[in-house]
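Colleague: using only what follows, build the 3D model:
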Amino acid sequence: MANPRLPALKAEVSGAAMKNPQRHRDRKAPRVRALGEPYARMTAGQQEAWREFAEDLPWLNSAHRALLQVACVLRDRMNTDPDIGITALSAYSAILSKLAATPVDDSKVNYGDEEDEDPADAFFTRSH
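Modeller: Numbering: from 1, shown residues only. Modelled structure (predicted):
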């Protein structure tokens, strides 16, 4: 069974499009709307969490709104209830992962061409 196709934006961000440009050349990203403002019915603490997420995770868009709302509810609850419980914290962790907001996900993001030179590269480069 073949691997599922990477969405165009994910291929670009992860570097897969640079690795195999011919494979990703004709892929089009779906048209999505911006994330937008938090829902009016959210509390002030939840809306503050929304704005923090929007600033910290610029790849979020309108398709993430429902999941982001749950993350905001849990973040606000975490900030106000010291006895939140392990179930809620596990749900929060799972949602962060789905939003690509964990350190593991961060390693998959391509931040550009400027890379720091690693001194160890001199030992692993083959010279003739």
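
Colleague: and His24, what does it touch?
Modeller: Applying C-beta atoms under 8 Å, 6 or more residues apart in numbering, one finds that His24 lies in contact with 6, 8, 11-12, 16-17. Quick note: C-beta positions are derived from backbone N, CA and C, even for glycine.

Colleague: any idea which of these has the most stuff around it?
Modeller: Among those, the one with the most neighbours (other C-beta atoms under 10 Å) is Ala11, at 21 neighbours.

Colleague: isn't that residue up against Ala17?
Modeller: Yes. With contacts counted by C-beta atoms under 8 Å, Ala11 reaches Ala17, the gap being 4.3 Å.

Colleague: give me the helices and strands touching the lengthiest helix in the chain, please.
Modeller: Secondary structure assigned by DSSP state H gives helix 65-80 as the longest helix of the chain. Other elements packing on helix 65-80 under the criterion 3 or more C-beta pairs under 8 Å, 6 or more residues apart in numbering; DSSP states H and E are helix 44-56, helix 86-98.
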